[in-house]
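Chemist: sequence first, predicted model second:
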Amino acid sequence: MRFSFQGEEIEAEDGQSVGAALIAAGRRSWRTTRHGGEPRGIFCGIGVCFDCLVVVNGRPNQRACLTEPREGDRIEPQEGAGRADLAC
């Protein structure tokens, strides 16, 4: 299964999270902090810290460690802190 990340095709296996697929593809960070622009990626890996937020098909604040990609998804980095409390 494939999805795009910043225009690059990323392969994912069934049941693999977006975060795991990005790490397998050599990506270690995909979000920057609101203050200072520091890189962030997977930290806790269980959906508690919100460091791994991404934008999936235009929908911000998706946790990459919990989100399973679907064929053809367009995933982009999250800029700044986002609003994790709005993720539904």
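Modeler: Cool, got the structure.

Chemist: would you mind pulling the contact partners of the helix or strand of the chain with the lowest mean pLDDT?
Modeler: When each helix and strand of the chain is scored by mean pLDDT, DSSP states H and E, strand 31-32 comes last, with a mean of 84. Strand 31-32 is contacted from outside by 38-41, 51-54, 77-80, 82, using Cβ atoms under 8 Å, 6 or more residues apart in numbering. Bear in mind the C-beta positions are built from the backbone N, C-alpha and C, glycine included.

Chemist: how near is Glu76 to Gln16?
Modeler: Glu76 sits at a distance of 19 Å from Gln16 (criterion: Cβ to Cβ, to the nearest Å).

Chemist: so where does Val54 fall, helix or strand?
Modeler: strand 53-56 (DSSP states H and E).

Chemist: helices or strands next to the helix or strand just after that strand in the packing?
Modeler: Note on strand 53-56: by DSSP H and E, the next helix or strand toward the C-terminus is strand 59-63. Here strand 59-63 touches strand 53-56, going by 3 or more Cβ pairs under 8 Å, 6 or more residues apart in numbering; DSSP states H and E.

Chemist: partner strands of the strand it packs on and their direction?
Modeler: Here strand 53-56 is paired, per DSSP bridges, with strand 59-63 (antiparallel), strand 74-79 (antiparallel).
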